[in-house]
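1. Build the 3D model from these lines:
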Amino acid sequence: MKYIVFTILILSVGLFAFKGEKSVTQYSSASSLVTFYSWAPMEDIKAENTNTKSFIRTTDNSIVVRVPIKSFKFEKALMEEHFNENYLESDEFPNATFSGKIIGEYDLKKDGVYNVKAKGDFTLHGVKKSKEFEGTLEVKGEKVTLNTKFDVLLEDHDIEIPKVVFQNIAEKIEVKINITYVPYKK
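-> Numbering: from 1, shown residues only. Modelled structure (predicted):
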């Protein structure tokens, strides 16, 4: 009888401990900063966006990122207006998106900095391109921070620059992304 009670007690404690240990399978963005820079002979242009949303699912290493175009803020209101109306046409193409897989060794349960790549579809201005981006995932406790930097060629996404302002806008734009994730809670 003591053996049966002891066995039931051990199984109960084991099941309770296992039930309490939930494996995190999805992370959602808690904060973000997306910046872009355009270095041109006549004028440098910088904009920031803090409204980017993203998810990482560890079960299949998938990542999705959605950047609302109208959320980019410029130092000059006229730049912001031209960006949205003339170049990115944000009423017609409201978001830039990336959907793909994280490639590389990383462990979101272990603190550290992991060099990774993400390969998938990047859509900007309604034009989808297969892309591969390099970056890092930094794990500190339950927070995971993604950092990446890459260039976007305007011609790759059918973004036309009128000849009148050709000296003001670079054909290649540098983009930096910093997103901090936390475990997703439904």
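
2. can you tell me which helix or strand the most centrally placed residue in the chain belongs to?
-> In the chain, the residue lying closest to the centroid (CA atoms, centre = their mean) is V65, at 4.5 Å. Following DSSP states H and E, the helix or strand that holds V65 is strand 62-68.

3. about what we covered before: enumerate every residue touching the residue nearest to the centre of the chain.
-> T52, K53, S54, T97, F98, S99, I177, I179 (CB atoms under 8 Å, 6 or more residues apart in numbering). Where you see a C-beta, it was placed from the backbone N, CA and C, and this is true even at glycine.

4. so how far is Y181 from it?
-> In this structure, V65 and Y181 are 11 Å apart, going by CB to CB, to the nearest Å.

5. what touches both of these two?
-> Shared between the contact lists of V65 and Y181 (criterion: CB under 8 Å, 6+ apart) are residues S54.

6. related to what we said a few turns ago, tell me the pLDDT at the residue nearest to the centre of the chain?
-> In the prediction, the pLDDT value recorded for V65 is 97.

7. Please name the bridge partners of it.
-> Note on V65: beta-bridge partners S54, F98, judged by DSSP bridges.
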